[in-house]
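K.L.:
what's the 3D shape of this:
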Amino acid sequence: MSSATWLRQHLPVRMTWPTVARELGLSGTKVRKVKTTKLGIEVALRLTPPTTHVTIERVADGVAVAYGAARVRVRLSELRADLVSISIDFTRSVGIVPLPDFHHPVGIPLDPLRSFALGIDDDGESVSGKFYGHHILVGGIPGSGKSNALRVFLAHLSASRNVSLFGIDPKRVELTLWQERFTHLVLGNDATETIELLESLHAEINRRTRHLSTLGSAKLLPSEEFPWIVLLVDEWAEVAAGGSSKERARADELLRRYVSLGRAVGCTAILCTQRPTSEVIDVGTRTLLNERFALRCGDRHQAEAILSAGTFQPGDLIGASVGRALWSDGGPAKPVQFFEVIDDLVGDLSCAGYRPSHF
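P.N.:
Numbering: from 1, shown residues only. Below you'll find the predicted structure:
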C-alpha cells in the first residue's frame, strides 16, 4: 500500500475527497455526509454538471484503488438526481452471523406465511422474505456455504405448522440431521426410491388440483388437510445417479414437472447444487424457480447459470466470503449474508414444528 493510499484510509474523507475527485475527474462533487458502515464508510455526494451518477459509476474502481478498498458501490437517491451515495467497502461481507432466536418462547409452531429471516445485507440490515408458493434455487461451489443456507430455510420450515417436508439427499449428509421432521426422506441416489417419491408427489398435486377446481379458487393456502409441501433436494446433480440413463431421465422429467405444476397447490421445491453449470441447471427449469441464491462461484458462467445474465456484477461473487449470496427474484440481485446454523442447534429446530401425519 502506498503512503498516499494509507493517508486516504486514515484521514477523514472530507479532507481527502477533493484530491481523489480531482485525480478521477469528479471535481463536480461535494461531500454532504459521511457515516460508518459494517463494511467501511458511506459517503453522500452532491453532484453538479457535468458530473452525473454515470460518471461516478464509471470511475468506481478508481475510487476503490485510491482508498485501498475492496470495492465501491454506487447508489442513486430515489428523490433527487443530483444526490448519490458511494459505499467504500474495505471488506466484501459482514462475516458470520449466528441465527437469532426467532421461535415462540413456548414452542408453538409458527405461521408458515410469515417472513423468513435469512441473514443481513452489506449494510447490516435484516434480510427476509415470504416463500410460500415460491420455488428456490441455491447454488455455489463446494465450501461456499450452500449447506448452511439450506439449514436457514429448514430452521424456518421446521418451526412452522402445516408444513410437510419431503427430501432427496443423494450425499446422505445434510438432510439426515433433520430426519425426524421429514414426512419422507430418500437417502442416497437410488433411482427407484427417488422416482417413487416424485410420483407420489405428482399424485398429491393431482389430488389438490381436483380439490381446487371445486372451490373456484386459483390458490391453495396451507391447512391441516393440505399442508405446504416442500421438496428439498440437497444435490440436484446427483438425483437418481445410481440408476440407468433411462431412470435418471425419468427422475429429471418428474422433477421438472413437479416444479412446473406444484406452485398453485402449495407444492414447492428447494433445489441445491454445488455444481452450478448449465448442464445441471437447465434454462427451462431455472425460469420456473422464482427465488435464486448464488453463493461463491468459480466464474461468471456458473453465476449466470443460477442468476441469469445481467442481474449481477461478476466481481460480487468471485471470491465472496462463506455464506454470502446474491439473491434474485428475476430482477437485480441483492446481497445476503446467511445466518449461521451450527450442528448443536439442529436437534432443537428439527423437532420444533408440526409434522403432518396423514401422508
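K.L.:
now do the contacts for Leu198.
P.N.:
Ala251, Leu254, Leu255, Tyr258 (C-beta atoms under 8 Å, 6 or more residues apart in numbering). All C-beta atoms are positioned from the backbone trio N, CA, C, and that covers glycine.
K.L.:
would JSON lines of these with neighbour count be doable?
P.N.:
What follows is the contacts of Leu198, written out as JSON lines (neighbours: other C-beta atoms under 10 Å):
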{"residue": "Ala251", "neighbour count": "23"}
{"residue": "Leu254", "neighbour count": "19"}
{"residue": "Leu255", "neighbour count": "22"}
{"residue": "Tyr258", "neighbour count": "23"}
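K.L.:
of these, closest to Pro50?
P.N.:
Taking C-beta to C-beta as the measure, Pro50 lies nearest Leu255 of those, at 53.9 Å.
K.L.:
secondary structure class of that closest one, three-state.
P.N.:
Counting by DSSP: H, G, I helix; E, B strand; the rest coil, the backbone at Leu255 sits in helix.
K.L.:
likewise for Leu165?
P.N.:
Under the three-state scheme (three-state DSSP), the conformation of Leu165 reads as strand.
K.L.:
got a list of what it touches?
P.N.:
Leu165 sits in contact with Leu154, Leu157, Ser158, Trp178, Arg181, Phe182, Thr183, Val230, Leu232, where contact means C-beta under 8 Å, 6+ apart.
K.L.:
ok, and the closest non-adjacent residue to Leu113?
P.N.:
Across the structure, with C-beta to C-beta, 6 or more residues apart in numbering as the measure, the residue nearest Leu113 apart from its sequence neighbours is Tyr132 (5.4 Å).
K.L.:
quick one: the one you found and Trp228 touch, right?
P.N.:
Yes: applying C-beta atoms under 8 Å, one finds Tyr132 in contact with Trp228, separated by 6.0 Å.
K.L.:
these two - which one has more neighbours?
P.N.:
Between Tyr132 and Trp228, counted using other C-beta atoms under 10 Å, the more crowded position is Trp228 (24 against 19).
K.L.:
wait, that one sits on Ser164?
P.N.:
Yes: contact between Trp228 and Ser164 holds when scored by C-beta under 8 Å: they sit 7.0 Å apart.
K.L.:
mind listing the helices for this structure?
P.N.:
In chain order, the chain shows helices spanning 3-10, 13-24, 53-58, 60-67, 146-158, 191-215, 245-261, 283-286, 300-307, 343-350, with DSSP state H as the criterion.
K.L.:
what is the shortest one packed up against?
P.N.:
Pointing back at helix 283-286 there. The elements that helix 283-286 packs onto, with contact taken as 3 or more C-beta pairs under 8 Å, 6 or more residues apart in numbering; DSSP states H and E, are helix 245-261.
K.L.:
what sits up against the helix it packs on?
P.N.:
Helix 245-261 has contacts (C-beta under 8 Å, 6+ apart) with 135, 191-192, 194-195, 198-199, 201-202, 205, 209, 231, 233, 239-241, 243, 267, 269, 271, 284-285, 288-289.
K.L.:
run through this protein and note the low-pLDDT ranges.
P.N.:
1, 3-4, 6-7, 102-107, 314-315, 317-320, 350-359 (pLDDT under 70).
K.L.:
can you give me the domain boundaries for it?
P.N.:
Residue ranges for the domains of the chain, per automatic domain parsing: 3-89, 97-350.
K.L.:
farthest pair within the contacts of Leu165?
P.N.:
Spanning the widest gap among the contacts of Leu165 are Leu154 and Thr183, at 13.6 Å by C-beta to C-beta.
K.L.:
higher neighbour count, those two?
P.N.:
In this comparison of Leu154 against Thr183, neighbours counted by other C-beta under 10 Å, the higher total goes to Leu154 at 26 against 17.
K.L.:
that one reaches Cys272, doesn't it?
P.N.:
No: under the criterion of C-beta under 8 Å, Leu154 makes no contact with Cys272, lying 11.0 Å away.
K.L.:
joint contacts of these two?
P.N.:
Any residue near both Leu154 and Cys272 by C-beta under 8 Å, 6+ apart counts here, and that gives Leu232.
K.L.:
sounds good, over and out.
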